[in-house]
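# Build me a model:
(chains A and B)
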Number of protein chains: 2
Amino acid sequence: MDAILSDWLLERLDTDAPEPAYRQLFRLLQQAILSGRLAAGAKLPSSRTLGADLAIARNTVIQVYEQLLVEGYVETQSGSGTYVADTSPDRVDEGSAGAPRRAVRDRHRLSARGKRTIELSGVSKQQWGAFMPGVPDVTEFPLKAWTRLQSRIWRNPKPELMTYAPGGGYRPLRRALADHLRVARSANCQPEQIVITTGIHQSVDLAVRLLCDVGDQVWIEEPCYWGLRGILLSSGLKLTPIPVDGEGINPDAKHLARPPRLIICTPSHQYPLGMVMSLARRRMLLEYARQHNCWIIEDDYDSEFRFGIRPLASLQGLDTNGQVIYLSSFSKTLFPGMRVGYMAVPAPLADLFSLGLAELYREGQLMQQAVLAEFIDEGYLNSHIRRMRGLYAERRSLLIAAVQRRFGDALPVMGDEAGLHLVLGLPHLRDDWAVCRTAMERGIIARPLSAYYSVAKAAQVGLLLGYGCVPNEKIGPAFDTLADVIEEVSKAGRKTRRSVA
Amino acid sequence: MDAILSDWLLERLDTDAPEPAYRQLFRLLQQAILSGRLAAGAKLPSSRTLGADLAIARNTVIQVYEQLLVEGYVETQSGSGTYVADTSPDRVDEGSAGAPRRAVRDRHRLSARGKRTIELSGVSKQQWGAFMPGVPDVTEFPLKAWTRLQSRIWRNPKPELMTYAPGGGYRPLRRALADHLRVARSANCQPEQIVITTGIHQSVDLAVRLLCDVGDQVWIEEPCYWGLRGILLSSGLKLTPIPVDGEGINPDAKHLARPPRLIICTPSHQYPLGMVMSLARRRMLLEYARQHNCWIIEDDYDSEFRFGIRPLASLQGLDTNGQVIYLSSFSKTLFPGMRVGYMAVPAPLADLFSLGLAELYREGQLMQQAVLAEFIDEGYLNSHIRRMRGLYAERRSLLIAAVQRRFGDALPVMGDEAGLHLVLGLPHLRDDWAVCRTAMERGIIARPLSAYYSVAKAAQVGLLLGYGCVPNEKIGPAFDTLADVIEEVSKAGRKTRRSVA
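Alright, predicted model coming up:
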């Protein structure tokens, strides 16, 4: 037996291989035991014998035996040697013999909600380049100021900043953000109402888990941000898409007759179409929510970038009843890879949201939050926003000029003078996906407007074009490439249309 | 009318206040309009008149009027002036008059799952100090090496590292982690199978959303990590707590007869009790999962810290059938505030998990991931783990010595020679919460063992004591303080027991 095992091992051990002898021997013995080649109860050769047979150090064999013992592959009987343990998984059938076996399906099956999440997925594989919507120009980020503050914070960090964070985020950052929201967004909020998250996705997810149950109805705007549907559906909610008109979200009598638990909207700058919610509509929403006990999520994603006019006050600032949950992030004002968002929640919910955040996500990253707090306190956030506002206004103008040079007024440009993208209507086409696919092959990112609709037959055809991250001099040439694609696809007159679930 | 308005405004404007005149005037007019004091159709005084009346610059008034116009509070009729707009929310009752009003409940109601999340919450308000379990000694983190690499990465970052990340994380980090898992944990995995998350919570949440539907059954260990219950319940899953014995999770015939969709376990080091899952049990679980088409999540949270013996191979490494999802994080090996975790998923699921991650959470933070990848490649992770392993072994011995000095062998110490905490049994007590509350008043953190149980009547009484973050010289004195509390509570013989839901 010993000799057979030694031969079998010798055939397989490779002393020239980069894998150390220890690991090779362990792996081979493990394999022999699991496969049954070494049966339960079999005695292993002594470490001295095996070491000599294999021409490896006895100590190596001892270490391997010890590890086999620790992991339960072998047992020792004191003084008498090392035996293969009985590790056969015999108990499985004891109780479960009568259990209904699941029909053999695709083994790598996702759940129903997992499948839907993947099918609906709207994330672009490319996240940088003309005309990626929603991405700011990260090359303009004030790196020097940031890294100076970062070095200062990292020089001698308090341990509390490096461990888990138990309550809503770094206090000085929450204070700075409450100040910022009061001044810039006319919001009503105190530092304790601010909860720091990793962005809009986490903020929505937290609100939904704390405020909505499986089966609850949510109003979303039609069209809306693609990311919402995955979060909401996988949390078990029922979505009711509400059309938007020139004044924003526009529920009709049928909708109003079935009050939802939650309303998610973009009052400052409808995403993606770009209109501002009118004051009458805002007051209607607040009054309706008050009467029917609904929550409102205000996604204020890029309100800082309005060109020529001041940003509008937030919906939250009009809410006297504590029903609006305000969301924003630094993805547009600083850079997306920072992954810092924040919410302002009604005062009675503030502690519950802080606790829920720690409970559900185990927050942290106070080091980065500390850098950000100093960045804001030293005025860099505001000066960066001011500078970028000018730059984005310029880029917007350049893109509109490029559109008009090629198409005159034949194609509608939608969206207020605000934000990081505009929408180019393609009313004569049936398939904006075809344009996007061909454009991508030529290195141009454009996102199909139809993909932002929940109901395919309601979808308008067009392209979201982000100008935020495109250097001025590239806007014209990049648009010309895209315009060629639009013309080709128009000529081809393809009628196939990818259905949007 | 003009004069009345001017007087009303004058009474309220405070030129000495820090709030600029612009904002004060805007706020007051907004308030007058929303309250109905200025009715729809009323004409506002000209900017010249109002400026003169209030003794503020006419330009300020013009700016305020413009902002009121933009926000929809007023309208202009060309040439004839500025009028209060009709913003009354009259449409609310049109359609919803007949809608059932929700019973007036607590307005700041949480959802049922939100309430449960808060009630179950297990997060400690203090996250640093003796004897916080699960927290490593962040003061030993190699700050210099980290900040040097951080400065290098930040000197001239590629824009792709600062925008959104579309696919599972920074490629070089995924490669480094696949290498690490193969060598250190005997895992079978390629870089594409690695998905970088913000920690165990996000990893579990992603797996659950992609693999489980509302109503699916999940096996969790009894006791288990407190954080699991909140995530799983709020995702609509049904939990079946499975008792553990000396060999780990131990389902009985009744359990086996009802196969779950998912099994979550801690094979290397049961959390919180500390035993290692036997090989027979591992093979049983894998075989059962294969037969009944279950997924297994292996939470390998602190396997790096085994003292005297090598870490055991992972369960994932034994899985030949692609059913194990392996989870780990840097919270124990580096520092929790980093918020970086990772999972190794079966190859056929790899792309779906990467996509799901981007879709559900909009990942990013590639800058930090790039620093971490270099940190690992330059060998700092391994050398830090080696060094800390020695330190934690020392601290564990010091804590055990302190226990024995005070209590001899009267109180059982549970847990293998591994990890960052041990469990001190208090079999003579009925209320470990009472000990923890009193200890906290004296500055000592201890977590009640009973809180880790899902079924209150199954709960053992004891304390989780983390030694990872306690300096050697403080272990004895801190334990003496705690021992005093234990003795006091024992004497008081309190019989009240906080029920653990």
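# in stretch A:67-77, what counts as buried?
Along stretch A:67-77, the positions that meet the burial threshold by neighbour count (16 or more other Cβ atoms under 10 Å in any protein chain shown) are A:67, A:68, A:70, A:71, A:72, A:73, A:74. Just so you know, the C-beta spots here come from the backbone N, C-alpha and C atoms, and that holds for glycine as well.
# So which of those residues sit within strands?
With strands identified by DSSP state E, the entries of those that belong to them are residue A:74.
# Keep only those of the buried residues of stretch A:67-77 that are also close to chain B.
A:67, A:70, A:71, A:72, A:73 (Cβ under 8 Å from any Cβ of the partner chain).
# so what strands line up beside the lengthiest strand in chain A?
With DSSP E setting the assignment, residue counts place strand A:238-245 as the longest strand in chain A. According to DSSP bridges, the neighbouring strands of strand A:238-245, each with its direction, are strand A:217-222 (parallel), strand A:248-249 (antiparallel).
# Show the average pLDDT along that strand.
When pLDDT is averaged over strand A:238-245, the result is 96.
# Please apply the same query to stretch A:268-275.
This predicted structure assigns stretch A:268-275 an average pLDDT of 94.
# before we move on, back to that, may I see the ones next to chain B among the buried residues of stretch A:67-77 arranged in CSV, with pLDDT as well?
What follows is those, written out as CSV (pLDDT from 0 to 100):
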residue, pLDDT
A:67, 83
A:70, 77
A:71, 79
A:72, 80
A:73, 86
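# Now for these: which two are most distant?
By the measure Cβ to Cβ, A:67 and A:72 form the most distant pair in these, at 10.5 Å.
# Contacts only, for the residue nearest the centre of chain A.
If you average the C-alpha coordinates of chain A and look for the closest C-alpha using Cα atoms, centre = their mean, you land on residue A:201, 5.9 Å from that point. With contacts defined as Cβ atoms under 8 Å, 6 or more residues apart in numbering or on different chains, the neighbours of residue A:201 are A:227, A:231, B:360, B:361, B:362.
# Among those residues, which are located in helices?
Cross-referencing the contacts of residue A:201 with the helices (criterion: DSSP state H) gives A:227, A:231, B:360, B:361 as the overlap.
# from these, which single one is nearest residue A:414?
Taking Cβ to Cβ as the measure, residue A:414 sits nearest to residue A:227 out of the ones in helices among the contacts of residue A:201, at 20.5 Å.
# Number of residues surrounding that closest one?
By other Cβ atoms under 10 Å in any protein chain shown, the residues close to residue A:227 number 21.
# Who are the contact partners of it?
Residue A:227 touches A:122, A:123, A:200, A:201, B:359, B:362, counting by Cβ under 8 Å, 6+ apart.
# re the thing from before, how far is the longest strand of chain A from where the chain is centred?
Relative to its chain's centre, strand A:238-245 lies at 22 Å (Cα atoms, centre = their mean, to the nearest Å).
# Now which of the contacts of residue A:201 would you call buried?
Buried by 16+ other Cβ under 10 Å: A:227, A:231, B:360, B:361, B:362, out of the contacts of residue A:201.
# Test my guess that the second one contacts residue A:206.
No. Because the distance of 10.3 Å does not satisfy Cβ atoms under 8 Å, residue A:231 is recorded as not touching residue A:206.
# Where do the domain boundaries of chain A fall?
A:2-84, A:141-378, A:386-492 (automatic domain parsing).
# Of all the ones you listed, which one is nearest residue B:283?
Put simply, out of those the one that sits nearest residue B:283 is domain A:2-84, at 7.8 Å, with distance taken as Cβ to Cβ.
# Quick check: next helix or strand after the helix or strand of chain A with the lowest mean pLDDT?
Across the helices and strands of chain A, mean pLDDT, DSSP states H and E gives its lowest value to helix A:92-96, namely a mean of 52. Taking DSSP states H and E as the definition, the helix or strand that follows helix A:92-96 towards the C-terminus is helix A:112-120.
# Show me the shaky parts of chain A.
Chain A contains residues with pLDDT under 70 at A:1, A:78, A:89-108, A:494-501.
# Would you map the strands across it?
According to DSSP E, the strands that chain A contains are A:74-77, A:81-84, A:194-197, A:217-222, A:238-245, A:248-249, A:262-265, A:295-299, A:324-329, A:341-344, A:413-414, A:421-425, A:447-448, A:462-466.
# Check which helices and strands the last one sits against.
In other words, strand A:462-466. strand A:421-425, helix A:432-441, strand A:447-448, helix A:472-492 (3 or more Cβ pairs under 8 Å, 6 or more residues apart in numbering or on different chains; DSSP states H and E).
# Residue A:306 and residue A:276: what is the separation?
9 Å (Cβ to Cβ, to the nearest Å).
# Now for these two: what residues contact both?
For the pair residue A:306 and residue A:276, residues contacting each of them under the criterion Cβ under 8 Å, 6+ apart are A:269, A:312, A:416.
# between those residues, which is nearest residue A:252?
Nearest to residue A:252, judged by Cβ to Cβ, of the shared contacts of residue A:306 and residue A:276 is residue A:269 at 23.1 Å.
# Next, count neighbours for that closest one.
When neighbours are defined as other Cβ under 10 Å, residue A:269 has 26 of them.
# what does residue A:128 give?
By the measure other Cβ under 10 Å, the count of residues near residue A:128 is 20.
# hang on, it packs against residue A:469?
Yes. At 6.4 Å, residue A:128 counts as touching residue A:469 under the criterion of Cβ under 8 Å.
# Which neighbours do those two have in common?
With Cβ under 8 Å, 6+ apart as the test, residue A:128 and residue A:469 both reach A:135, B:159, B:163.
# Is the last one in contact with residue A:128, as I believe?
Yes. Here residue B:163 lies in contact with residue A:128, judged by Cβ under 8 Å, at a distance of 5.1 Å.
# Who wins on neighbours among the shared contacts of residue A:128 and residue A:469?
Busiest of the shared contacts of residue A:128 and residue A:469 [other Cβ under 10 Å] is residue A:135, holding 26 neighbours.
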